[in-house]
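# need coordinates for the following:
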Amino acid sequence: MVSKRMLGLGTARSVIRELFEYGNQRAAVVGRENVYDFSLGNPSVPAPPQVNETAIRILQEQPDLIHCYTSAQGDAAARQRFADSLNRRFGGDYTADQFYLTVGAAASLCCVFNGLTCPEDEFIVFAPYFPEYKVFIEGAGAKMVLIPPEIEHFQIDFAAFEQALTPHTKGVVVNTPNKGMSVRTLTPHELNDTFDIRLMMDTFFIKDIITTLNYNSTLRQQLLENMEKQKQFISCNDSTVDAEGYFQLDLEFHVLYLTASGNQKAVEVLKDLQPFTFSAGTYFNQPHYRDCECVEEHQAILDAALAADPEGLRKAIETHIANSRRAFQLIFKVNQMV
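Down below sits the predicted model:
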């Protein structure tokens, strides 16, 4: 027995390979110099002389370095050279231990995807893309989410990208011309920045929010109903099992709260920030007791707003943001240890 999935991948014709073979056929007819092959990433110019000279020197003077294994992380001297080069050019403080050398980009990508992937994770990829990304991502157990290009100008379709972001988004594969690709994930520093922005927005509009909730009965009722749903959810569920369900209720509460400010742009900013928070995987790892604390903090925010207590509301917001910030920072630290 063999894997039907891998058999299908192995027997399917590669468009890139077909273009490459067609280029070879045409070269035999019209001459290699008249064929511009954009299929494989083969260099169109020879390597610098220093590359050939170094390879020959090592073969002649240090043959034992060629016909043996290096350390799994890569030759220590080579890694130190990379660190020194980056530090010299960009003023960094890299060390050799921060580098892991692989034989080609494919091996690096497989290491990255397998190292990041947890159950139900997704990676967003922009078209056009290297077809092997799909194989690497699915081979790691994740799902590839494809964003087609904006055809008229052949640029990234950011509207489609925004819609594709979900709590399952683990990273975004970014191709940089002449620099290859990387898998973009939210860093602890960036997550901290999102809490700063939320704190500024939630406290800046306090007076407007209190005023609106005291005359807009519809919005007030929506917030009250959302609180009841949150309480029911945490009493019947472990939100770590249904993190997306809790995410939707949490997002709805904060959207309704900021809607009361009358500033639609602030609501849009919040909606843009939240998916990145969840793509970091924090809500999937947040303990249930913290979810219960969040519901209590939401209730304190709503109580202060309905009581027209601006100082109480400010304190409730600051408490909620500070506690959420600490919880997420702790989750990041734990994730780095496992």
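# could you look up the SS state of Ala304?
helix (DSSP: H, G, I helix; E, B strand; the rest coil).
# in the chain, where is pLDDT below threshold?
9, 176-187, 237-244, 274-286, 331-338 (pLDDT under 70).
# mind naming the longest helix for it?
When the chain is parsed with DSSP state H, its longest helix is helix 310-337.
# so what does that helix touch, helix or strand wise?
Contact here means 3 or more CB pairs under 8 Å, 6 or more residues apart in numbering; DSSP states H and E; on that basis helix 310-337 packs against helix 188-204, helix 206-215, helix 282-285, helix 288-306. C-beta: built from backbone N, CA, C; applies to glycine.
# those into JSON lines, with extra columns for mean neighbour count and distance to Gly92?
What follows is the helices and strands packed on helix 310-337, written out as JSON lines (neighbours: other CB atoms under 10 Å; distance: least, CB to CB, whole Å):
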{"stretch": "helix 188-204", "mean neighbour count": "16", "distance to Gly92": "16"}
{"stretch": "helix 206-215", "mean neighbour count": "16", "distance to Gly92": "42"}
{"stretch": "helix 282-285", "mean neighbour count": "21", "distance to Gly92": "28"}
{"stretch": "helix 288-306", "mean neighbour count": "18", "distance to Gly92": "35"}
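# minimum distance to Ser3: which of the ones you listed has it?
Ser3 sits nearest to helix 282-285 of all the helices and strands packed on helix 310-337, at 28.8 Å, using CB to CB.
# who touches the residue nearest to Phe161 when sequence neighbours are not counted in this structure?
Leaving aside its sequence neighbours, Phe161 sits nearest to Ile147 (CB to CB, 6 or more residues apart in numbering; 5.3 Å). By CB atoms under 8 Å, 6 or more residues apart in numbering, the contact list for Ile147 reads Ile124, Val125, Phe126, Ala127, Ile156, Asp157, Ala160, Phe161, Ala164.
# just checking, the second one is part of a strand?
So that's Val125. Yes: remark: Val125 belongs to a strand, assigned using three-state DSSP.
# so that it lines up with my notes, have the first residue be 7 from now on.
Yes, from this point I'll number from 7; that puts the last item at Val131.
# how near is the nearest residue to it once chain neighbours are set aside to Ser114?
Using CB to CB, 6+ apart and skipping residues adjacent in sequence, the residue nearest Val131 is Val179, 4.7 Å away. Noted for Val179: a distance of 12 Å to Ser114, by CB to CB, to the nearest Å.
# try Gly251
Counting by CB to CB, the gap from Gly251 to Ser114 is 36 Å.
# give me the more crowded residue out of the two.
Legend: neighbour count by other CB atoms under 10 Å for Gly251 and Ser114, higher for Ser114 (17 against 14).
# quick one: Gly29 and Ser45 touch, right?
Yes: between Gly29 and Ser45 a contact is recorded at 6.3 Å, counting by CB atoms under 8 Å.
# find residues that contact each of the two.
By CB under 8 Å, 6+ apart, no residue touches both Gly29 and Ser45.
# now do the strands in this protein.
For the chain, the strands defined by DSSP state E occupy 128-132, 149-153, 155-156, 161-162, 175-182, 186-190.
# what strands flank the longest one, and is each parallel or antiparallel?
So that's strand 175-182. Here strand 175-182 is paired, per DSSP bridges, with strand 128-132 (parallel), strand 186-190 (antiparallel).
# what residues does Pro55 make contact with?
By CB under 8 Å, 6+ apart, Pro55 has no neighbours at all.
# just Lys277 next, same as before
Residues near Lys277 by CB under 8 Å, 6+ apart: Leu257, Val261.
# any idea how far Gly121 is from it?
To Gly121, Lys277 is 30 Å away according to CB to CB.
# now Thr76
Noted for Thr76: a distance of 21 Å to Gly121, by CB to CB.
# try Arg226
47 Å.
# so these two - more neighbours on which side?
Comparing Arg226 with Gly121 by other CB under 10 Å, the one with more neighbours is Arg226, at 18 against 9.
# hmm, the more buried one is touching Leu219, no?
Yes: using CB under 8 Å, Arg226 is in contact with Leu219, at 5.1 Å.
# what do these two both touch?
Joint contacts of Arg226 and Leu219 (CB under 8 Å, 6+ apart) are Leu312.
# how is the protein carved up into domains?
Here the domain parsing of the chain from automatic domain parsing is 7-54, 111-190, 194-343.
# turn those domains into JSON lines, including distance to Glu67.
Formatted as JSON lines, the domains of the chain follow (distance: least, CB to CB, whole Å):
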{"stretch": "domain 7-54", "distance to Glu67": "20"}
{"stretch": "domain 111-190", "distance to Glu67": "28"}
{"stretch": "domain 194-343", "distance to Glu67": "42"}
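# for Gln68, which of those is the nearest?
Across the domains of the chain, closest to Gln68 is domain 7-54 (CB to CB), at 19.6 Å.
# centre of the chain versus that closest one, how much separation?
How far domain 7-54 lies from its chain's middle: 31 Å, per CA atoms, centre = their mean, to the nearest Å.
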